[in-house]
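Novice: Fold the following and give me the result.
(2 chains)
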Amino acid sequence: MIQITRQKYRIVLAFILLVSGASIQAQDDAAFFADKAVGLSEGTRLTLARDSLRAAQTMIDKGESQGKALDQLLLTKAYDPDLAQVEFELGRLYESWQVGLRARALVHYEAFIKLRPRDSRGLTHLANLYAWLGRLEEADATFRLALAAETKNASWTKYQYSGFLVAYTDRYAEAHELARDALESMSPQDRENDPWPWRNKGMALAREGVRKDQARSDLEKARSIFQKYNDTWQISYINVALEELK
Amino acid sequence: MQKAKVLVSVLILPLIFWSCATTKNTVPNTDAQAGMTPEIKEGAKADVQGEESAKASIGEMSPGQKLSKYLELKEKANNALHKVNDPGAALDLANEALVLVPDSSEMKWLRFEAYRRLDHVDKARGVMEKLLEAKDVNLRDQYHSLGDFYGFSLGDYKTAIEWYSQQIALDPGFSGWAYCQRGNAYMQLKEYAKARLDFDRALFVGGIFKDGNLTNAVKDYLSRLDLAEKSGK
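Specialist: A predicted model of the protein is given here:
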């Protein structure tokens, strides 16, 4: 659907990273644990880094102990400065709703993308952050890069992009197409447990104002999955959309 | 001469105090450093220190300890402003949080809202203008505050309507309070038909979200609207 050559890809990525700037905050924080790896053998350092990263990931996944997770990640970075994943996890930590320091998250996702320029996960997180910060053109360009990058997380990237298009643009037909493609490439189990592609597809159709029956059906499907997770806010949101479709 | 002495005191004394405070904060914490020897278990020790952030002074804190303390203050500041409605306490807590995380746009916006509620319009405006200028902002979360600032604090209902409308355009399904306050702004401008449309919409969204506070606020506005229409004001 979207064709981007390798050369164009590099130019667009370089431009995005150039204009985004970087924070000295990240460097200051990293310096705190800088001496912890001094005198250690390579094997010890890399083992410590792996274990420290895993501990931090567990904390971030649980959405708790954010301060501890930060120290753990900075320690990981001291042990293994080449570990790209640390930057990704720092981005995830700062982006989390509990912490909400999104300008910092941006710096780390950008650092991650410099190290792994074709990682669609990192690009998708970065795109979502640009959108959140109101940098919509950069968000759109970065979503396109994410789509053109790896295919491993393609369905996730597609419905994230679809959500962006529904929320921030009037490109509802494109949003609908992306969400539909995402659903088609998901496993049957994921289709039954992930409400977001259904929600985005339904919202795209509802806002497009065509195929209202299909929009209603998609939104009802999304609502039934949100109910499993007791997400009352999203349920109410969908109820508003369903009322508007009547 | 007397003026010069006063000037010197005003300029020098805070510097001396600041210098003392900084010296104290930069003394190395040997306990903290001893806990960071490069063993896998020591990773866990670094964790434990995160829990003890309250005991350490800022200069001694690890980045994680600062973040933990910041999150604690942020939660208290949000509670003070949004649950207890104590903007003074919220302002103090936000100021403390900003010492730890100076780039927190969330706490800067909280200061703006606290000043607004404390009727310090100029200070609120100062904070707001800096934030807007620096683009240190997700405006999506601030449209409502900006609408309230222009409407309630300045009585500039036309600008308030523009801010509320931006929020509504972005996500009509989530904008019950924006409809409510935009309706009020229309009512102040005597555009009663538009006000009533917005209040109806706010009631609809409030009902679905089961937001009793919103429903009550709209009902109160509607009774005022009825009176205003009857009296022809």
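Novice: Using CSV, list the CA coordinates for the helix or strand where residue A:162 lies.
Specialist: Residue A:162 belongs to helix A:154-168 when assigned by DSSP states H and E. The C-alpha trace of helix A:154-168 is given here as CSV (Å, rounded to 0.1, in the frame of the first residue of the first chain):
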residue,chain,number,x,y,z
ALA,A,154,3.0,-5.1,11.2
SER,A,155,-0.5,-5.7,12.6
TRP,A,156,0.2,-3.6,15.7
THR,A,157,1.8,-0.8,13.7
LYS,A,158,-1.1,-0.8,11.3
TYR,A,159,-3.8,-0.4,13.9
GLN,A,160,-1.8,2.1,15.8
TYR,A,161,-1.5,4.2,12.7
SER,A,162,-5.2,3.7,12.1
GLY,A,163,-5.9,5.1,15.6
PHE,A,164,-3.7,8.1,14.8
LEU,A,165,-5.6,8.8,11.5
VAL,A,166,-9.0,8.5,13.3
ALA,A,167,-8.0,10.8,16.1
TYR,A,168,-6.0,13.5,14.3
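Novice: separation between the residue of chain A most remote from its centre and chain B?
Specialist: Relative to the centre of chain A, and counting by CA atoms, centre = their mean, the farthest-placed residue is residue A:39 at 36.9 Å. Residue A:39 is 8 Å from chain B, where distance means CB to the nearest CB, to the nearest Å. No exception for glycine: its C-beta is placed from N, CA and C like everyone else's.
Novice: ranges for the helices of the chain?
Specialist: As the question left the chain open, I've gone with chain A. Using DSSP state H, the helices of chain A run over A:6-20, A:24-31, A:42-62, A:66-79, A:84-95, A:102-115, A:120-132, A:136-148, A:154-168, A:172-185, A:188-193, A:196-208, A:212-228, A:232-245.
Novice: if you could check chain B rather than the one you did, that'd help
Specialist: Using DSSP H, helices in chain B cover B:2-26, B:30-34, B:40-51, B:63-78, B:87-100, B:105-117, B:121-134, B:143-148, B:157-170, B:176-188, B:192-208, B:212-231.
Novice: Can you lay out those as TSV showing mean pLDDT and mean neighbour count?
Specialist: As requested, these are exported to TSV (pLDDT from 0 to 100; neighbours: other CB atoms under 10 Å in any protein chain shown):
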stretch	mean pLDDT	mean neighbour count
helix B:2-26	44	10
helix B:30-34	32	12
helix B:40-51	41	17
helix B:63-78	96	22
helix B:87-100	96	20
helix B:105-117	93	23
helix B:121-134	88	15
helix B:143-148	88	21
helix B:157-170	90	19
helix B:176-188	94	25
helix B:192-208	91	19
helix B:212-231	92	14
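Novice: Can I get the ones you listed in a markdown table including distance to chain A?
Specialist: Listed next are the helices of chain B as a markdown table, based on distance: least, CB to the nearest CB, whole Å:
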| stretch | distance to chain A |
| --- | --- |
| helix B:2-26 | 13 |
| helix B:30-34 | 9 |
| helix B:40-51 | 4 |
| helix B:63-78 | 3 |
| helix B:87-100 | 11 |
| helix B:105-117 | 5 |
| helix B:121-134 | 10 |
| helix B:143-148 | 11 |
| helix B:157-170 | 7 |
| helix B:176-188 | 9 |
| helix B:192-208 | 5 |
| helix B:212-231 | 12 |
